[in-house]
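A.B. asks: Predicted structure and sequence below. I'll ask about it afterward.
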Amino acid sequence: MFRVITVEREYGSGGAEIARQLSKRLGWKLWDNALTDEIARVAQVDPSAVVRCDERCDSTFRRLAKVFWRGSYERSMHLEANQPFDADRMVEIGEKVMHAAAEAGECVIVGRGAPYFLRTRPDAFHVFLYAPRAEKLRRVCATGKSMAEAEELVDTIDRDRITFVKHYFNADWPTRSLYHMMINTAIGNENVLEMILSTKQMLERKPVLAL
């Protein structure tokens, strides 16, 4: 029985909204905004201030720290009591928060390395959402961004995610073997939701045997 669904996504593919609809359909907790808030709470950082990492971190680490948030639920952080806070610590705390969320169960977790952190859990169902570039630009522009802004976001955010996953997991992004499903969201949100739910239910009735 699956008690956790992770939703990883290309930027602009509609993953956050699909995850929200999925959690609503199932009556499960959504860990997107809430995940960021919980990481900030555990790290004792102020999510309303300017993003910064420890001064000793180089630009690569600063960028890795920012991409943990960027493209999903953008929040900023302020260090409390001069407590060192860099990408390494953020990932460490994020892993603990995600494992706690998964242990509680009945939740949908959006991005932030969740399928990598939870890859050994048999009760976690992993989904990767992607879309053609034109579809991603259309979705981003529909949120109020200009075409130039949409192109910059689509071109850079996933590139940073590739760097993040390579650095922390020594893996390619996406790592196809992690996912139960990879779906092109150009087929429409409702069709994506139906595919996720029906496949999840099918596997729960008849689990795939390991070869």
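C.D. replies: Nice, I can see it. Bear in mind the structure is a predicted one, so any value in this text is a computation, not a measurement.
A.B. asks: In space, not sequence, find me the middle residue of the chain.
C.D. replies: Gly111 (0.7 Å; Cα atoms, centre = their mean).
A.B. asks: That one against Tyr11, yeah?
C.D. replies: No. Applying Cβ atoms under 8 Å as the test, Gly111 and Tyr11 come out as separate, 9.7 Å apart. Just so you know, the C-beta spots here come from the backbone N, C-alpha and C atoms, and that holds for glycine as well.
A.B. asks: Can you get me a residue count around the residue nearest to Arg20 when sequence neighbours are not counted?
C.D. replies: Nearest in space to Arg20, with sequence neighbours left out and distances taken as Cβ to Cβ, 6 or more residues apart in numbering, is Leu30 at 5.9 Å. The local packing of Leu30 (other Cβ atoms under 10 Å) involves 20 other residues.
A.B. asks: Identify the residues contacting Ile93.
C.D. replies: Listed by Cβ atoms under 8 Å, 6 or more residues apart in numbering, the contact set of Ile93 reads 39, 42-43.
A.B. asks: And Lys145, by the same measure?
C.D. replies: Listed by Cβ under 8 Å, 6+ apart, the contact set of Lys145 reads Leu153.
A.B. asks: give me the element it is part of.
C.D. replies: Take DSSP states H and E as the rule and Lys145 turns out to sit in neither a helix nor a strand.
A.B. asks: Phi and psi next, for it.
C.D. replies: Main-chain torsions, Lys145, degrees, to the nearest 10: phi -80, psi 150.
A.B. asks: Give me the distance between it and Glu8.
C.D. replies: 22 Å (Cβ to Cβ, to the nearest Å).
A.B. asks: do the same with Arg25
C.D. replies: Counting by Cβ to Cβ, the gap from Arg25 to Glu8 is 19 Å.
A.B. asks: again, but for Asp37
C.D. replies: 20 Å.
A.B. asks: okay, those two: which has more neighbours?
C.D. replies: Neighbour totals were compared for Asp37 and Glu8, and Glu8 leads with 28 against 15 (other Cβ under 10 Å).
A.B. asks: circling back: does the residue nearest to Arg20 touch Cys107 like I think?
C.D. replies: Yes. If you go by Cβ under 8 Å, Leu30 and Cys107 touch, sitting 7.3 Å apart.
A.B. asks: what residues do those two have in common as contacts?
C.D. replies: What both Leu30 and Cys107 touch, as defined by Cβ under 8 Å, 6+ apart, is the set Ser23.
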